[in-house]
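K.L.:
with the sequence up front, the predicted model follows.
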Amino acid sequence: DAGVTQSPTHLIKTRGQQVTLRCSPKSGHDTVSWYQQALGQGPQFIFQYYEEEERQRGNFPDRFSGHQFPNYSSELNVNALLLGDSALYLCASSLGTGKNEQYFGPGTRLTVT
Amino acid sequence: GDSVTQMEGPVTLSEEAFLTINCTYTATGYPSLFWYVQYPGEGLQLLLKATKADDKGSNKGFEATYRKETTSFHLEKGSVQVSDSAVYFCALKNQAGTALIFGKGTTLSVSS
């Protein structure tokens, strides 16, 4: 049973560029949430996708956008990258949008130079 | 808004010592409470959870009790091992059940 997978593992971008991160949920899960974890901090909620729609959003600017595909996989896009966007981006999947447990992937380490 | 506060680290212990990591929360209603662990270079793993007052979550020798009267969910383990060295995060999920809200994490280092 495959868990949550994310790609790429690491990437380096330059300020002003755009980046796309990908996530495949755990088998049987239909909901994907994205979190940003800055160095030495706890993860912060970016947004959640269910039924291909953004269901809830955290306190992140519109430069952060996402998409969910019919197979429940998801993408996180960040435009006009800033140095402060350097972080570990974590994807979590769950079944439904309620209190079911969220399972996390290993993350994508983004470095903006 | 909802928030989680956990004790500052790092916490440095010798093998077989007793561990306590304090966690308190602020939330409306009755949130679910969680402890996650992050090993170096890895994502988060759920360690234990509790969904209502007085529930005790336990796993791998770790335990935590949901105390509504003190809004706390302290993590304890009677005898730590070197393999327990990691960063521990306390988190809550509010009644809407959507986002997890995390504390800043506590680094635990156990030496033999």
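P.N.:
Good, I have the coordinates.

K.L.:
going by C-alpha atoms from here, please, whenever you check contacts or count neighbours.
P.N.:
Fine.

K.L.:
end to end, how far does stretch A:59-73 reach?
P.N.:
For stretch A:59-73, the first-to-last residue distance is 23 Å (C-alpha to C-alpha, to the nearest Å).

K.L.:
check whether that stretch comes near chain B.
P.N.:
No - contact of stretch A:59-73 with chain B (C-alpha under 8 Å from any C-alpha of the partner chain) is absent, the minimum separation being 11.7 Å.

K.L.:
flag every buried residue along that stretch.
P.N.:
A:Ser65, A:Gly66, A:His67, A:Gln68, A:Tyr72, A:Ser73 (16 or more other C-alpha atoms under 10 Å in any protein chain shown).

K.L.:
what pairs with the fourth one across the strands?
P.N.:
Right, A:Gln68. A:Gln68 has these beta-bridge partners by DSSP bridges: A:Ser74.

K.L.:
give the contact list for it.
P.N.:
A:Val32, A:Tyr49, A:Tyr50, A:Glu51, A:Glu52, A:Glu53, A:Ser74, A:Glu75 (C-alpha atoms under 8 Å, 6 or more residues apart in numbering or on different chains).

K.L.:
can you tell me which of those has the most neighbours?
P.N.:
Within the contacts of A:Gln68, neighbour counts (other C-alpha atoms under 10 Å in any protein chain shown) peak at A:Val32, which reaches 33 neighbours.

K.L.:
residues contacting B:Val4?
P.N.:
B:Cys23, B:Thr24, B:Tyr25, B:Thr26, B:Cys90, B:Ala91, B:Leu92, B:Ile101, B:Phe102, B:Gly103.

K.L.:
likewise B:Glu16?
P.N.:
Contacts of B:Glu16 (C-alpha under 8 Å, 6+ apart): B:Gly78, B:Ser79, B:Val80, B:Gln81.

K.L.:
B:Met86 touches B:Val37, doesn't it?
P.N.:
You called it Met, but residue B:86 is Ala. Yes - the criterion here is C-alpha atoms under 8 Å, and B:Ala86 meets it with B:Val37 at 6.6 Å.

K.L.:
got the phi and psi for B:Ser83?
P.N.:
Main-chain dihedrals, B:Ser83, degrees, to the nearest 10: phi -70, psi -10.

K.L.:
what about the residue lying closest to it once chain neighbours are set aside, how many residues nearby?
P.N.:
Once flanking residues are discounted, B:Ser83 sits nearest to B:Val110: 7.7 Å by C-alpha to C-alpha, 6 or more residues apart in numbering or on different chains. Residues near B:Val110, counting by other C-alpha under 10 Å, number 18.

K.L.:
hmm, back to that, any of the contacts of B:Val4 buried? List them.
P.N.:
B:Cys23, B:Thr24, B:Tyr25, B:Cys90, B:Ala91, B:Leu92, B:Ile101, B:Phe102, B:Gly103.

K.L.:
so where's chain A uncertain?
P.N.:
A:1 (pLDDT under 70).

K.L.:
what parts of it come near chain B?
P.N.:
Close to chain B, as judged by C-alpha under 8 Å from any C-alpha, chain A has residues A:33, A:40-45, A:48, A:56, A:90, A:97-100, A:103-107.

K.L.:
got the contact list for residue 50?
P.N.:
Looking at chain A here, since you left the chain open. By C-alpha under 8 Å, 6+ apart, the residues touching A:Tyr50 are A:Asp30, A:Thr31, A:Val32, A:Gln68, A:Gly96, A:Thr97.

K.L.:
wrong one, chain B
P.N.:
B:Ser32, B:Leu33, B:Phe34, B:Lys56, B:Gly57, B:Thr65, B:Tyr66.
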